[in-house]
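In: Based on what follows, work out the 3D shape:
(2 chains)
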Amino acid sequence: MRRVSTSPHFHSGASTSNIMFSVAIALAPACIWGVYVFGLRALLVLAISIATALLTEFLLGKVSKENTLWDGSALVTGMLIGMNMSPSIPLFIPFIASVFAIAVAKWTFGGLGANWANPAIAGRVFVFFSFSSAMSSFVLPRTLAGVDAVSSATPLSLVKTAISGGEVAGQTSLQILSGNGYLSSAFAQKIESLTGISAYNVDAFIGNIPGCIGEVSKLLLIIGGIYLLCRKIITWHIPVAFIGSFAILTWVFGGLPNGLGFFHGEVLANVLRGGLILGALFMATDMVTTPVTHKGMLIFGAGCGFFTFLFRSFGSLPEATSVAILIMNIITPTIDRFCISKRFGEEVKQ
Amino acid sequence: MKLATFRKGGVHPSDMKSLSNNRPIERLPIPKELVISMSQHLGAPATAVKAVGDHVSKGEKIGTASSFISADVHSPVDGTVTAIKKVTMANSVVCDALVITPDEQQSEPFAEKRDYSEFTKEQILAEIKDKGIVGMGGATFPAHVKMTIAPGKSVQALVINGVECEPYLTADHRLMLERTEQVLEGIMICRKALSPERTIIGIEANKPDAIEKLSKAVAEKGLPIEVMPLKMKYPQGDEKQLLKATINREIPSGKLPLDVGAVVMNLGTTHAVYEAVAYGKPLFERVMTITGDCISRPCNVIAPIGTKVRDLLDFAGGFSSEPDKLVSGGPMMGFAFYDEDTPVAKGTSGILAIADKKNYRQTHCLSCGRCVSACPMGLMPTKLYALISNGKYEEAMKNNLMDCKECGCCAFSCPAHLDLVHAFKTGKKMGRKK
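Out: Predicted coordinates:
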């Protein structure tokens, strides 16, 4: 059969499913690390999130007679939801989050490409505000505790509680952690004695801290992000603007809640804690819900960094990154309206 | 050394030129029948001046320009007009065509080189018009119209387009290698007609042998021509991108190269100008590349206009595997057609037989912005596509839809496989209607 169609008759080979499966590959190492440090329970949480997301997508596809399982977006959503769950979460919560993400955040707006919010973030925020206490109780990684399921606060929430208690004026967050006898691994202590980088930061970087399954290993997330950058699936604009603006704001104002004054924020410690890296590399770079121009992406990223800093330093809930991204998702159409690319021939050099 | 290129947008398709870029130009044996369309060029079709049964000789005029933007058509052979019929060209234009059956004995006119050194500008232009020269890059704009400089305007730069940025095509590459002297002489003739301050040949870096050969020839003869290697990037062969790359000037929307003091000519056209002026030979044959993954023996051939694609495919050894698409021109902007009896024309730079190995599935727009980054004209394909899909043609026009030149960079890079160029073509048509 000869086919006749409009040009071009040549294609770069990029496809939606290719993009989605590449993102899934990039996320996989951090997932595996999560299962390694938090045990099989973490694997169960991931499996339930992914299976629910795929099943919801499949059933809704049946209803609307449109099979979209192959595009891989439900897989990525499911993975991200699982990665955003505490390993000790009651199992019905990732189930609800996945159903909400696929059915409400994505399908009611018309499916992939038409949703205004990143489905995974919408799912996470929905269950966070519904089941706040379950969503904010975490366990120690077994690399620190030696056994599974020893509950513990994350560094972020411990510092926040200490600061709102009001007895820590003038202390850095690292001093607060060591003052509270927070655990650190032997490996990280060795690194600290060799290089002077705080053991808490080393642990946060390699993933030896309590937290959500997929967000703890910054190292593996960054490797995944670099993979996506090299494959040109994402561009540098959003992650750099996001982390950059957050780092600058933290440096300038981040010392204020501790009573340290301006320009005394702990940049490294704050960047490595919580879901910032996961959010900046994988959730704020979701194509559908972010601006299309590079200029718009920079604004989007900077906005995410600003709101993350604001909620993390001055908010009352331990939920900053995902709400920040969600707010910027809302602003995206407006950014797209005003950030349009410059037309060829507008500046004429004679 | 950092090579020049244009800045905004563009894509890097794999060039696929190794299939045919080492094949010397061969001459196609005269086909049994030629179907010569009267619309070989942009503008009004020529008027046929021969009737059924008339005998024509090689190079004789068979169609005359019917308006200012139009061009003469000449017979490539000695032969007899056997029919006049409607024919559909590869670009879906339907027009009158003369069917010519060539004689068994063919004469060999245009063998003798004449002395044209005394020719004036006017004589050169008259010769170009009389020999039916059109732009051979694909747009087929009549050359004498382009080269007639309105009073009060002057040409600062004459830029010769040897970029050949479309994948697969190697016709201009072979011309540069095999007809170096002729091409350079053709450029000197165009210089005489236009008297530019600078003359530049832009060539992409994937043709190092051509760059070397031309530079050497230019240096040996001391010609006032600059050979400029350019970094590979599609669509550098478009005149707007080429002028940005070579002389760093941007043609404003809706304006012509002359408005920024430049004339762009295709390299193949300069070769045709040379033959017209030095030998008095009309443009009735051209070099084209017969290639693609499905062609047994990819090659570069010199074939008369009006040759049926079937004859060219046979010459190239037929198909090695059944192609999914036949394309006239390059894969990025060429036209797909299905009828192997479609004749070629003055603007046909190649015939491709290609396979679509993977059948990608379309999804909705992901707003990934790749088309926005790829658009060399600085448009917003995402927005235009949404407007056109919703029938808002006028609003699309306000968003500079007419600046789109259908280069295909957006659709090439679209992961959702949306038919962006198709939508923009439709949008332009509907937008003009209102």
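
In: Could you report the pLDDT at residue 186?
Out: Just going to use chain A. pLDDT, residue A:186: 88.

In: hm, I was asking about chain B
Out: Note for residue B:186: predicted pLDDT of 96.

In: How about the one 5 residues further on?
Out: Note for residue B:191: predicted pLDDT of 95.

In: Wasn't it part of a strand?
Out: No. Assessed with DSSP: H, G, I helix; E, B strand; the rest coil, residue B:191 is helix; it does not lie in a strand.

In: Quick check: it touching residue B:158?
Out: Yes. Residue B:191 is within contact range of residue B:158, at 6.3 Å (criterion: C-beta atoms under 8 Å). Backbone N, C-alpha and C define where each C-beta goes, glycine included.

In: got any residues that touch both of those two?
Out: Residues within reach of residue B:191 and of residue B:158 at once, by C-beta atoms under 8 Å, 6 or more residues apart in numbering or on different chains, are residue B:199.

In: Between these two, point out the one with more neighbours.
Out: Legend: neighbour count by other C-beta atoms under 10 Å in any protein chain shown for residue B:191 and residue B:158, higher for residue B:158 (25 against 18).

In: pretty sure the more buried one contacts residue B:190?
Out: Yes. Using C-beta under 8 Å, residue B:158 is in contact with residue B:190, at 6.3 Å.

In: List the residues that are in contact with both of those two.
Out: Counting by C-beta under 8 Å, 6+ apart, the residues touching both residue B:158 and residue B:190 are residue B:265.

In: Show me what from the stretch 151-300 of chain B comes close to chain A.
Out: Counting by C-beta under 8 Å from any C-beta of the partner chain, the stretch 151-300 of chain B comes close to chain A at B:167, B:240, B:248, B:249, B:250, B:251, B:252, B:253, B:255, B:260.

In: Could you report the neighbour count for the fourth one?
Out: By the measure other C-beta under 10 Å, the count of residues near residue B:249 is 19.

In: That one is in contact with residue B:242, isn't it?
Out: No. Applying C-beta under 8 Å, one finds residue B:249 not in contact with residue B:242, separated by 10.4 Å.

In: which bits of the stretch 151-300 of chain A sit near chain B?
Out: Counting by C-beta under 8 Å from any C-beta, the stretch 151-300 of chain A sits next to chain B at A:287, A:288, A:289, A:290, A:291, A:292, A:293, A:294, A:297.

In: The fifth one against residue A:329, yeah?
Out: No. Residue A:291 is beyond contact range of residue A:329, at 10.4 Å (criterion: C-beta under 8 Å).

In: Compare neighbour counts for those two and give me the winner.
Out: Neighbour count, other C-beta under 10 Å: between residue A:291 and residue A:329, residue A:291 has more, with 28 against 24.

In: show me what contacts the residue nearest to the more buried one when sequence neighbours are not counted?
Out: Nearest residue to residue A:291 in three dimensions, chain neighbours excluded: residue A:335, at 4.6 Å (C-beta to C-beta, 6 or more residues apart in numbering or on different chains). Counting by C-beta under 8 Å, 6+ apart, residue A:335 touches A:291, A:296, A:299, A:300.

In: which two in those residues are spaced the farthest apart?
Out: A:291 and A:299 (7.1 Å; C-beta to C-beta).

In: Tell me which stretches of the stretch 1-150 of chain B form strands.
Out: B:25-27, B:34-37, B:47-48, B:55-56, B:61-64, B:73-74, B:79-88, B:94-102 (DSSP state E, counting those that start in this stretch).

In: Looking at these, which one is packed in the most?
Out: Per-stretch averages of neighbours, counted by mean count of other C-beta atoms under 10 Å in any protein chain shown, single out strand B:73-74 among the strands of the stretch 1-150 of chain B, with a mean of 28.

In: hmm, who's touching that strand?
Out: For strand B:73-74, the surrounding residues in contact (C-beta under 8 Å, 6+ apart) are B:36-38, B:40, B:46, B:59-63, B:131-132, B:282-284, B:305.

In: Show me how far that strand is from its chain's centre.
Out: 18 Å (C-alpha atoms, centre = their mean, to the nearest Å).

In: Repeat that for stretch B:195-210.
Out: Put simply, stretch B:195-210 sits 17 Å off its chain's centre (C-alpha atoms, centre = their mean).

In: buried set for that stretch?
Out: Neighbour counts using 16 or more other C-beta atoms under 10 Å in any protein chain shown place B:196, B:199, B:200, B:201, B:202, B:203, B:204, B:206, B:207, B:210 of stretch B:195-210 among the buried residues.

In: try stretch B:300-311
Out: Neighbour counts over stretch B:300-311 (16+ other C-beta under 10 Å) mark B:300, B:301, B:303, B:304, B:305, B:306, B:307, B:308, B:309, B:311 as buried.

In: In strands only, show me the residues you listed.
Out: Members of those lying in strands (criterion: DSSP state E): B:300, B:301, B:303, B:304.

In: Among the residues you listed, find me the one that's closest to chain A.
Out: Checking those against chain A with C-beta to the nearest C-beta, the nearest one is residue B:300 at 19.9 Å.

In: Ignoring the adjacent residues along the chain, who's closest to the residue in the stretch 201-350 of chain A positioned nearest to chain B?
Out: Nearest residue of the stretch 201-350 of chain A to chain B, counting by C-beta to the nearest C-beta: residue A:292, 3.4 Å away. Of all residues not flanking residue A:292 in the chain, residue B:369 sits nearest, at 3.4 Å (C-beta to C-beta, 6+ apart).

In: Return the residues in contact with that neighbour.
Out: A:287, A:291, A:292, A:293, A:294, A:297, B:382.

In: and residue A:161, how many residues sit next to it?
Out: Residues lying near residue A:161 (other C-beta under 10 Å) number 13.

In: how about the nearest residue to it, chain neighbours excluded?
Out: residue A:153 (7.1 Å).

In: Could you list the residues of the stretch 1-150 of chain B in contact with chain A?
Out: Checking the stretch 1-150 of chain B against chain A by C-beta under 8 Å from any C-beta, the hits are B:8, B:11, B:13.

In: quick one: the helices in the stretch 201-350 of chain A?
Out: Along the stretch 201-350 of chain A, the segments classed as helices by DSSP state H, counting those that start in this stretch run A:218-230, A:237-253, A:267-272, A:276-278, A:294-314, A:321-338.

In: Which stretches in the stretch 301-434 of chain B count as helices?
Out: Applying DSSP H, counting those that start in this stretch to the stretch 301-434 of chain B gives helices spanning B:309-315, B:370-374, B:381-389, B:393-398, B:409-413, B:420-433.

In: Which other helices and strands does the longest one contact?
Out: Contacts defined by 3 or more C-beta pairs under 8 Å, 6 or more residues apart in numbering or on different chains; DSSP states H and E place helix B:420-433 against helix B:381-389, helix B:393-398, helix B:409-413.
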